[in-house]
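Enquirer: structural data only, the sequence is not supplied:
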């Protein structure tokens with residue numbers, strides 16, 4: 001991840017002349033205010049510059065690390081979510097365990113006949129059930145966590161917010177649900193997926209230094 005040459009130049013100007021107006025920056029760079037607008041907006045949103053009305057731009061002292069955090073944690077859930085693995089609520093516990101290990105996932109989402117979310121099954125749920133139940137004839141409905149006790153997220157939520165829900169409620173995954181129907185599952189986001197994404201973004205920053 002790199003700033004453009006013009007963005008780097010803007011930062012140097014602000015450091016030298018702060019507080020400095022957008023008009024003065026445009027004169028020093030010999031470009032129009034319109035040309036500068038997107039760069040100044042980006043640098044301000046990234047936390048590298050601070051804009052104060054009637055005073056001008058100042059340098060916050062932040063650097064690419066701040067930009068990394070801003071960009072990474074502003075990423076929307078729909079950019080990192082995975083396809084969900086759904087099973088019917090009449091599925092036996094044995095078949096659910098088989099599905100869980102066949103696809104090597106940590107949780108299954110349980111739906112009704114209309115394909116709407118009714119429950120979530122974790123490895124722990126299935127392990128506990130397998131110790132006390134006839135798993136061939138018992139449906140997963142008896143051991144799943146049911147709606148409305150399921151934490152979900154939307155595709156437009158940023159990953160920091162989704163990660164906070166995962167951490168606060170100590171769950172391994174969140175069903176991503178449709179904005180118009182909170183029982184329509186359209187994806188899945190997990191702790192592992194979020195961690196892998198953050199790690200990859202950090203590696204990209206290091207490679208581009």
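Expert: Thanks, I have it. Fair warning: this is a prediction, and the values are worked out from it, not measured in the lab.

Enquirer: so, low pLDDT: which residues of this structure?
Expert: For the chain, the stretches with pLDDT under 70 are 1-2, 62-68, 133, 205-209.

Enquirer: strands of the chain, start to end?
Expert: 49-52, 56-59, 86-88, 107-111, 117-122, 145-146, 153-154, 173-178, 181-190 (DSSP state E).

Enquirer: which residues sit against the last one?
Expert: Put plainly, it is strand 181-190. 77-78, 80-86, 106-107, 109, 111, 115-118, 147, 152-153, 155, 159, 162, 166, 172-178 (Cβ atoms under 8 Å, 6 or more residues apart in numbering). (Glycine included, C-beta is placed from N, CA and C.)

Enquirer: for the spatially most central residue of the chain, give me its contacts.
Expert: Nearest to the mean C-alpha position of the chain, counting by Cα atoms, centre = their mean, stands residue 159 at 1.9 Å. Residue 159 is in contact with 72-73, 75-77, 80, 189, 194, 197, counting by Cβ under 8 Å, 6+ apart.

Enquirer: again, 6 Å this time
Expert: 75, 194 (Cβ atoms under 6 Å, 6 or more residues apart in numbering).

Enquirer: I'd like to know how far it sits from residue 137.
Expert: 41 Å (Cβ to Cβ, to the nearest Å).

Enquirer: for residue 87, which non-adjacent residue is closest in space?
Expert: Counting by Cβ to Cβ, 6 or more residues apart in numbering, the nearest residue to residue 87 once its immediate chain neighbours are dropped is residue 108, at 5.3 Å.

Enquirer: next: residue 150.
Expert: residue 120 (5.2 Å).

Enquirer: state the number of residues packed around that neighbour.
Expert: 24 (other Cβ atoms under 10 Å).

Enquirer: that one is in contact with residue 147, isn't it?
Expert: No. Proximity of residue 120 to residue 147 does not meet the contact threshold set by Cβ atoms under 6 Å, at 8.8 Å.

Enquirer: next up, the contacts around residue 19.
Expert: Taking Cβ under 6 Å, 6+ apart, one finds 55-56, 58 in contact with residue 19.

Enquirer: just put these in a markdown table and tack on distance to residue 98 and neighbour count.
Expert: Formatted as a markdown table, these follow (distance: Cβ to Cβ, whole Å; neighbours: other Cβ atoms under 10 Å):
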| residue | distance to residue 98 | neighbour count |
| --- | --- | --- |
| 55 | 65 | 12 |
| 56 | 65 | 19 |
| 58 | 61 | 16 |
